[in-house]
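> One predicted model, sequence on top.
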Amino acid sequence: EYRAKLRLLNGEIIPDPFTLEDGWLGETTGLPSWPSLYIMDIATFLNCRGPSDIVHRVMNEYKEGKAYRYFSCDWVKEILYHPFRARSEACLLKAKVTPSQSVNNKEYDVWVAIKKDTKSEPGGQIFSGYCTCTAGMLGCCNHITGLLFRVEHAVKTGATSASCTSKPCEWNIPSSKTTIKPIKVSDAEWTKSHYSKKNKACTASEDSSRQARISKNSFTPMTKQQSEELSNGDTFRKDLHEKIVMDIPDSCFSLIMEKRRMKIKEVDNCVLPISVIAAQAELQSEEIQNAETLLKKIQVNEDQVLQLKNATKDQAHSELWKEHRKARLTASNFKRICTRVVTLRKDQTASSAALVHSLMGYKEVRPTKAMKHGTTLEPVAKKAYVQEMKKIHKNFKAAESGLTLYTSKPFIGASADLEVKCDCCDEGLCEIKCPETIKNAKPCEENLTYISNGTLNENHQYFFQVQGQMGILDKKYCDLYIFTFHGNMKIRIKFDKKFWEIMIEKLCWFWDNCIIPEILKPMLDDDEIDNIESEEQEECDSSAKNLLADVNNNAMVPRSKTDQHTGNKNSRRKIKLPKRQNVYPCGKCGLVCAEQPKNYNEESINCDSCKVWYHFVCVGLKEVDQGSEWMCDSCKSED
């Protein structure tokens, strides 16, 4: 069973991490090499429904809540990193974890195998894990999960960035020895670790902190007479019901007091609008190649727009959202589209193939490190934005939003992050950005090139995006909220009607001249795309200025240590665990080489580079000279 944990999903066999003696990097040098592990990867590994589910379980004291405290209380010691082979998909992480019930017992040894980052895509997929505790063979005990939470925290806060690791004060390596001083229960500070919040050290003295807690619990704005009147709950509820029943007869409070149920109005089921791809399939089956018929099929009314928006609030996690975006012009692509239109109108030999290929959804978008970081931190950023706005705006409310189609032109759509409103600013939007490039710093004009003088540069793609969102959803402002775990920045952008009118004209031109011909008669192939993508990227920035010239002649230009532990023989309680035997699986067949593979007579050999053992017969050896160096085929190919 343990041997099966050493075989990855692609069939590659890794050595037993407990037998690897050399090549481990402590956090001082190995931290920048840690893979991009996020909460969504942990949720997948633990079979949770999603990131929100695991956060809920952490905050509500499920098993994962205890695992999170292993990390937040520094029970997970220094994590060591091993890259294994250069061409291997996996890297190894191991650490020692202090038992929660008896800190003097022997620490548990934990290791996990995680997918490495590459230049083309982020890693973070958890292949396997093991712990020496009694439940460790399952691979998802609290000690393993605690290690994963520590890695996830380092990644999302930017501690793994090279610039951050040069500042030792920003990432603390837990002490290898856990010491707890006994105190009186009355003097204990009871705190609860919150996911997505920093565990700030208490700066006030213990006496002042305790006094503040007592004052907070005993404070009441009511007089003594009011407190006495409220002590009789039945009388108070009856009086309150008599006062409000005439004004709000169907309130939840009135329904409970009168022990009745409110009749629910029946609402007619609204059929979701058809996707452009589905309409294309219908046209092909009917052998019709007519643009007017296509537009007629995808027409929508206001009820359908609302229905689709509500059904796609999960956005990137919704298959319906992905399907309805295909072959539509969406706000995140507005700059690319507008700049390409400028190029096409100037140069008739220019091609729109790469952009059309992307908008049609012919290929699934491969996630990047920046995309993974932004998607994972977006719920945390939304919560921070709402909490901040509630403090400074009267009756502030925010709601999730899905894909919203432009009713008069249903081939255009936008997906806002939040729809907001308050009594002082009316209705607006919020667009969340969690830039991976500055995840270890506070957002500011010095590290954000698209912000200057407190405003968003008008030739940046975010400006096109938020103007499109406001135009489609009919809102007057949009807050661009830039978030990291070190701070945030909010820029309010007002709706520019003239900019929107110029942009919508270009969007319609691109739809008529580029998208409709491809829908009616697909012509693109992958070879044509590869020759154009680099050229289109170079033209994008320069072409954007032409659109701004139509709006304003003066367009804005942006400017280690290792763990050691000595057991305490006088510990009150000790858990006896079976002695674990080291395993040496063959890198070819996966079977165990032998209990003592270092014995030459067992006919097994160890690669001097990756430290994986092999049977002689599996690598075609009959004998080797003792003391001579030998490398497996995988390591030879890397050299």
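Nice, I can see it.
> Then residue 472 would be within a helix, right?
Yes: Residue 472 forms part of a helix when assessed by DSSP: H, G, I helix; E, B strand; the rest coil.
> got the contact list for it?
Residue 472 is in contact with 331, 404, 405, 406, 412, 413, 414, counting by Cβ atoms under 8 Å, 6 or more residues apart in numbering. All C-beta atoms are positioned from the backbone trio N, CA, C, and that covers glycine.
> Farthest-apart pair in the residues you listed, please.
Spanning the widest gap among the contacts of residue 472 are 331 and 405, at 11.6 Å by Cβ to Cβ.
> between those two, what contacts are shared?
Between them, residue 331 and residue 405 share the contacting residues 413, 472, judged by Cβ under 8 Å, 6+ apart.
> Near the residue nearest to residue 451 when sequence neighbours are not counted, how many other residues are there?
Using Cβ to Cβ, 6 or more residues apart in numbering and skipping the chain neighbours, the partner closest in space to residue 451 is residue 445 (5.0 Å). A total of 14 residues lie near residue 445 under the criterion other Cβ atoms under 10 Å.
> what's the pLDDT at residue 445?
Model confidence at residue 445, given as pLDDT, is 92.
> which residues sit in contact with it?
Applying Cβ under 8 Å, 6+ apart, the residues near residue 445 are 451, 452, 453, 454.
> how does it look with 10 Å?
With contacts defined as Cβ atoms under 10 Å, 6 or more residues apart in numbering, the neighbours of residue 445 are 451, 452, 453, 454, 455, 489, 559.
> Which among the residues you listed count as buried?
Buried members of these, scored by 16 or more other Cβ atoms under 10 Å, are 451, 489.
> List just the nearest of the contacts of residue 445 to residue 230.
Once Cβ to Cβ is applied, the member of the contacts of residue 445 that ends up nearest residue 230 is residue 489, at 44.3 Å.
> Next up, phi/psi of the closest residue to that closest one other than its chain neighbours, please.
Once flanking residues are discounted, residue 489 sits nearest to residue 443: 4.0 Å by Cβ to Cβ, 6+ apart. Note on residue 443: its backbone torsions stand at phi -60, psi 130 [degrees, to the nearest 10].
> ditto for residue 465
Dihedral angles (degrees, to the nearest 10) for residue 465: phi -60, psi -50.
> Low-confidence bits of the stretch 401-550 of the chain, can you list those?
For the stretch 401-550 of the chain, residues meeting the criterion pLDDT under 70 lie at 524-550.
> Go again with 90.
For the stretch 401-550 of the chain, the stretches with pLDDT under 90 are 426, 440, 521-550.
> what does the stretch 1-150 of the chain give?
Within the stretch 1-150 of the chain, the ranges that satisfy pLDDT under 90 run 1-16, 18-23, 27-28, 39-75, 83-89, 98-107, 118-121, 133-142.
> Could you do the stretch 201-350 of the chain as well?
In the stretch 201-350 of the chain (pLDDT under 90), the answer is 201-272, 282-291, 314-318, 347-350.
> In contact with residue 411, which residues?
276, 294-295, 298, 327-330, 405, 507-508, 510-512, 515-516, 519.
> my read is it is in a helix, agree?
No: counting by three-state DSSP, residue 411 is located in no helix; its state is strand.
> Tell me the spacing between it and residue 516.
9 Å (Cβ to Cβ, to the nearest Å).
> any common contacting residues for these two?
294, 295, 327, 510.
> Just the buried ones among these, please.
So, by 16+ other Cβ under 10 Å, the buried ones in the shared contacts of residue 411 and residue 516 are 294, 327, 510.
> In helices, which of these appear?
294, 510 (DSSP state H).
> closest to residue 127 among the buried ones among the shared contacts of residue 411 and residue 516?
residue 327 (36.8 Å).
> Show me the chain divided up by domain.
3-170, 224-258, 296-559, 584-639 (automatic domain parsing).
> Distance to residue 185 added to these, as JSON lines?
Formatted as JSON lines, these follow (distance: least, Cβ to Cβ, whole Å):
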{"stretch": "domain 3-170", "distance to residue 185": "18"}
{"stretch": "domain 224-258", "distance to residue 185": "29"}
{"stretch": "domain 296-559", "distance to residue 185": "33"}
{"stretch": "domain 584-639", "distance to residue 185": "50"}
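> Now do the SS call for the residue nearest the centre of the chain.
Nearest residue to the geometric centre of the chain (Cα atoms, centre = their mean): residue 376, 1.3 Å. Per three-state DSSP, the local secondary structure of residue 376 is helix.
> Next, the contact list for it, please.
Taking Cβ under 10 Å, 6+ apart as the test, what residue 376 contacts is 36-41, 43, 51, 124, 152, 155-156, 434.
> hmm, back to that, which of the domains of the chain sits closest to residue 272?
Here domain 296-559 is closest among those (Cβ to Cβ), at 5.7 Å.
> Tell me where the stretch 401-550 of the chain has helices.
461-473, 497-510, 516-520, 526-530, 533-551 (DSSP state H, counting those that start in this stretch).
> Buried residues, the third one. List them.
Spelled out, it's helix 516-520. Neighbour-count burial for helix 516-520 [16+ other Cβ under 10 Å]: 516, 518, 519, 520.
> and of those residues, the nearest to residue 117?
Distances from residue 117 to the buried residues of helix 516-520, taken as Cβ to Cβ, are shortest for residue 518 (34.8 Å).
> For the closest residue to the closest one other than its chain neighbours, give me its contacts.
Counting by Cβ to Cβ, 6+ apart, residue 518 lies nearest to residue 356, which is 5.3 Å off, once chain neighbours are set aside. Listed by Cβ under 10 Å, 6+ apart, the contact partners of residue 356 are 327, 337, 340, 362, 510, 514-515, 517-519, 522-524, 529.
> Residue 356 belongs to a helix, doesn't it?
Yes: with three-state DSSP as the criterion, residue 356 is assigned to a helix.
> What separation do you get for it and residue 277?
14 Å.
> How about residue 383?
Distance from residue 383 to residue 277, by Cβ to Cβ: 34 Å.
> Any idea how many residues pack against residue 90?
Residue 90: 24 surrounding residues under other Cβ under 10 Å.
> Identify the residue nearest it in space, chain neighbours excluded?
Residue nearest to residue 90 in three dimensions, not counting chain neighbours: residue 113, with 4.6 Å by Cβ to Cβ, 6+ apart.
> Name the SS class of the one you found, please.
Per three-state DSSP, residue 113 ends up strand.
> Reformat the contacts of residue 445 as a markdown table; add distance to residue 25.
Formatted as a markdown table, the contacts of residue 445 follow (distance: Cβ to Cβ, whole Å):
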| residue | distance to residue 25 |
| --- | --- |
| 451 | 37 |
| 452 | 40 |
| 453 | 44 |
| 454 | 42 |
| 455 | 44 |
| 489 | 34 |
| 559 | 39 |
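> coming back round to it: shared neighbours of residue 356 and residue 277, which are they?
Going by Cβ under 10 Å, 6+ apart, residues that sit against residue 356 and also against residue 277 are 327, 519.
> Tell me where the stretch 51-200 of the chain has strands.
Assigned by DSSP state E, counting those that start in this stretch, the strands in the stretch 51-200 of the chain fall at 80-82, 90-97, 108-115, 126-131.
> so which of the ones you listed comes closest to residue 222?
Closest to residue 222 of the strands of the stretch 51-200 of the chain is strand 90-97 (Cβ to Cβ; 48.6 Å).
> Only C-alpha atoms, please: export that closest one in CSV.
Extracted C-alpha coordinates of strand 90-97, given in CSV (Å, rounded to 0.1, in the frame of the first residue of the first chain):
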residue,chain,number,x,y,z
ALA,A,90,6.9,16.1,-9.2
CYS,A,91,8.8,17.7,-6.4
LEU,A,92,8.9,16.5,-2.8
LEU,A,93,8.2,18.4,0.3
LYS,A,94,8.7,17.0,3.8
ALA,A,95,8.5,18.3,7.4
LYS,A,96,8.0,17.3,11.0
VAL,A,97,4.7,18.0,12.7
